[in-house]
Structure formats: structure tokens, C-alpha cells
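Undergrad: model the following, please.
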Amino acid sequence: MKKITLTVAALLGLFGSLTAQVQDSVSTAYKAKKLKIEEVNFVSAYYSQNGDNSAITGGIGTEKLFDIANSLEIKLVKTDRLNRVHSISADLNIDYYSSASQDNIDPLTISSASRTDIHLYPTISWNMKDDRNHTSRGAMLSYSTEYDYKSYGFNLNFSKSSKDNNREITFKAGTYRDTYTAILPSELRPNGYSSGAEGDKANLYHKPRNTYNGSVSLSQIVNKRLQVLFIVEPTYQEGLLSTPFHRTYFTDGSERVEKLPGSRFKIPIGLRCSYFLGDKLIIRTFYRFYADNWGMKAHTFSLETPVKITPFVSLSPFYRFSTQSAIRYFAPYMQHDPSSKYYSSDYDLSSFQSHFAGSGIRFAPPGGIAGIRHFASLEIRYGHFYRNAGAGMQSNIITLAAKFK
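TA: Next up is the predicted model:
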């Protein structure tokens, strides 16, 4: 596993050197402002799902799962002597989840990895906005850990806007270096191979996965009512792209661990439009086309219409529709050809249509929530998801978001 060892200080030095061509006389025209807390965001969500097409048991069996996710973000802002605005954000995310299907990795022991687990993923990011030359640049470091993997991420971004700020082009590039612990189904483990349960992790294989992603986006304010954004986000992955504890069953009754190619190229292309219909209603639409070299193609369309009920209360109903084709290596339970080189019964990779609908309500009174001045806003959102693949899968999510300024 290749770890990212760049520090935030090193990143600041790197980007600072790119803008060092400013005359000293300019630096005296501005007064630096001290670092201060700009805002604090707290988000808590409860997610639950149920279905009967678990990849862990070969495309059949329970997909029941719940997840409690919490996120705390602190954003710091400082203006330097050149009047450039520096933003530093620290974000801590913690998920606690329980998965009935993952307990079937080793159905004979209650200590199998992992019916319940904690997913921890902090990030820290820095961004610098320079209004004099209409640019913005930044970097982000991330870390993620769960019972069977660790991930290190590093991202860069750069934006350039027009003089009237009506047009902006943004470039992003990043990499994630992951290491997976190859936990295998109990009946498919070689002799002496560990289960991955607590106290039995000594003899396990560790497999790498590397992801390289980029994006180019162009945003344009067409007029006072219409804004559009076009984005392309290519991604390349290599390494372990299958999940070792997913089972696959073949037409001859045999069973194997899921196997997928060692590389994948993805290309999503999206278009977002926001139309301001007066002062009380916004119509937000989004379309995305997706294709990859595993044979999957997908289309996604979403619509959200935030509307002001009062000057301080707004509703945001939303709907998203997706349709996708299956990868060429997918087949349902016991329908794989024994001569196949690659195979999976993961219904996330199958052909399906999905619907996600719900609404949010946001409160932002001028005196703060409940009269607390720094409690700027409170939002509650609910969404219901349905996917028609196989026996069908449904999920629900409710989210609470609080902003302090």
C-alpha cells in the first residue's frame, strides 16, 4: 500500500509558490485578518434498507441493513496580506452500521466479520480564493477505515472565473490508495486461512486498489434567472475491484468467490441547470450519462424545486430516476457459465431502474433557531428509494442538518 505523506503545510507551500509573482508593493495595500471560525456544520442521518438479493450469498438472501451516520465540519477562514481568502475545513465522519447479510460471510459463528462495524473517514481541505486574478485553488487529504479496508486520498483543484464572474472553469484531480483485507466465505477458505473475526486475523491476504479521478466543469450564468453547469469526470481504477466475500454460483452447482477484471475506466458526463422563477421558487435539474469498459451504461435525471413558504422557511421536494444496463460479467444466482473468466451476482452491477423521492424543510430565521443567534439554520430531509432489480430493494433515509455561524 502506497501511503500519502504530504502534509497540509507542504501543500500550502506548493500552491504558495505558484502565486509568488506578486509585487511587494501590492502586499502593503491590504491588511491581513486573523484566522476565525466561519461556520460549523453538523449532519446526522439514519438509513435503513431491505431486499433479497445479497451478493454475499450469491444474489439471494437478505440485504437488510441500517446505518447511523454523523458528520461534523468546522470551517476556518483567514484573509492574508494580499487579500486572498484562505479556507480550511476539517470534517470528521463516523458511521455505525449493522448488516444482516454480512453476517452470512461465516454463518456458523456470531463473531464473523462483520455484522456490525464502525466506518471512520476524516478529511481536511484547504482552499485559497484570489479575487484579483479571479482564481481559486485548493487541496484535500482524506482517510477512511473500516473492518476490511483502509484508504488514503489526495485531491487538487483549480478554478478560473471570468472578469464579470459569470463564467468559471474548474479542474480537479485526485487519487485514492486503498488496501483491502481479503476476507473469504467460510466454505471457500484455504486450509489455515483466517476468518477475519476478532482474534483470527493473523493469516489474511491484503490486496491493493488504486483510483485516479479527474473532472473538468464549466459553469455559466446565462442570465439573471438561468445558470448551467457542464461536467466530465473520468475515473480509472486498478487492483482488487471484486469483493472477496461475495459468492457466485454456477449452472453446474459449483461455487466460487466473485471475480472481476483488475482495471476499470468510467466516464460520467453531466449537465446541471438552475432556473430562478421569481424570488420564491428555484427549479434545479440534472442529467448524467455514464459508461464504462465493463459494458455498463446508465442515465440519471433529477429534479428539485426549493420553494419559499415564508422568508425564513423553505420546502425542497425532489425526485431522481436512474436506469442502467448490467455489466457483461453479471448473472443471477446459479446462472453463471462455469467456463466464464469473470463473474458476479452483485445486483448493484445488474440492469435496473431506480426511483428516489422525498422532500426537505429548512428553517433559517434572522435571529437564529430558537433565538440562538449563532444557530443559523436547521434542515430535515426524508427520502425513499426503490430499485426494481431481482426481488427489488427499498430503503429510507432521514437527515438532520444544522449550521452554526
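Undergrad: got phi/psi on L241?
TA: Backbone torsions for L241, taken as degrees, to the nearest 10, come to phi -100, psi -10.
Undergrad: mind pulling up the pLDDT for it?
TA: The score at L241 is 98. That number is its pLDDT.
Undergrad: do G13 as well
TA: Per-residue confidence (pLDDT) for G13: 40.
Undergrad: show me what L65 is bridged to.
TA: Note on L65: beta-bridge partners by DSSP bridges are Q49, S99.
Undergrad: quick one: it from T116, how far?
TA: Noted for L65: a distance of 11 Å to T116, by C-beta to C-beta, to the nearest Å. (C-beta placed from N, C-alpha, C; glycine too.)
Undergrad: so between the two, which is more surrounded?
TA: Between L65 and T116, counting by other C-beta atoms under 10 Å, L65 is the more crowded of the two (18 against 12).
Undergrad: thought that one was touching D103?
TA: No. The pair L65 / D103 is not scored as a contact, 10.8 Å apart, by C-beta atoms under 8 Å.
Undergrad: show me whatever sits in contact with both of these two.
TA: Counting by C-beta atoms under 8 Å, 6 or more residues apart in numbering, no residue touches both L65 and D103.
Undergrad: the bottom helix or strand of this protein by mean pLDDT?
TA: In the chain, no helix or strand scores lower on mean pLDDT, DSSP states H and E than helix 8-18, which sits at a mean of 36.
Undergrad: confidence score at the residue nearest to the spatial centre of the chain?
TA: Centrality entry for the chain: nearest residue to the mean C-alpha point is Y121, 11.2 Å, by C-alpha atoms, centre = their mean. Listed pLDDT for Y121 reads 98.
Undergrad: cool, the one 4 residues further on as well?
TA: Reading off the confidence values, S125 has pLDDT 98.
Undergrad: tell me the bridge partners for the residue lying closest to it once chain neighbours are set aside.
TA: In space, and not counting its chain neighbours, S125 is closest to M140: 3.9 Å by C-beta to C-beta, 6 or more residues apart in numbering. Note on M140: beta-bridge partners S125, N155, judged by DSSP bridges.
Undergrad: so what's M140 up against?
TA: M140 sits next to 123-126, 153-155, 157, 174 when contact means C-beta under 8 Å, 6+ apart.
Undergrad: what's the answer for G61, then?
TA: Listed by C-beta under 8 Å, 6+ apart, the contact partners of G61 are 52-54, 101, 104.
Undergrad: let's see it at 6 Å
TA: By C-beta atoms under 6 Å, 6 or more residues apart in numbering, the contact set of G61 is S54.
Undergrad: what's across from it in the sheet?
TA: Here G61 sits in beta bridges with N53, as judged by DSSP bridges.
Undergrad: do you know the pLDDT at it?
TA: Note on G61: pLDDT of 93.
Undergrad: any idea how many residues pack against R209?
TA: 19.
Undergrad: with H246 instead?
TA: Look at H246: counted by other C-beta under 10 Å, it has 23 neighbours.
Undergrad: apart from its neighbours in sequence, what residue is nearest it?
TA: Closest residue to H246 apart from its sequence neighbours, by C-beta to C-beta, 6+ apart: E258 at 3.7 Å.
Undergrad: R132 - how many residues pack around it?
TA: R132: 11 neighbours (other C-beta under 10 Å).
Undergrad: part of a helix, is it?
TA: No. Counting by DSSP: H, G, I helix; E, B strand; the rest coil, R132 is not part of a helix but coil.
Undergrad: nearest residue to it in space, please, no chain neighbours.
TA: Of all residues not flanking R132 in the chain, N83 sits nearest, at 7.0 Å (C-beta to C-beta, 6+ apart).
Undergrad: ok, the residue nearest to H246 - contacts?
TA: Residues near E258 by C-beta under 6 Å, 6+ apart: 242-243, 246, 248, 344.
Undergrad: 8 Å instead, please
TA: E258 sits next to 55, 242-244, 246-248, 343-346 when contact means C-beta under 8 Å, 6+ apart.
Undergrad: cool, and A69?
TA: Taking C-beta under 8 Å, 6+ apart, one finds 43-47, 93-95 in contact with A69.
Undergrad: repeat that for D348.
TA: A55.
Undergrad: for the stretch 1-150 of the chain, which spans come out with low pLDDT?
TA: For the stretch 1-150 of the chain, applying pLDDT under 70 flags the ranges 1-31, 108-114.
Undergrad: 50 - rerun?
TA: Applying pLDDT under 50 to the stretch 1-150 of the chain flags the ranges 1-28, 110-113.
Undergrad: which stretches in it count as strands?
TA: Along the stretch 1-150 of the chain, counting by DSSP state E, counting those that start in this stretch, strands occupy 33-51, 65-79, 85-99, 116-120, 123-130, 135-146, 149-161.
Undergrad: looking at those, which is closest to S322?
TA: strand 33-51 (15.9 Å; C-beta to C-beta).
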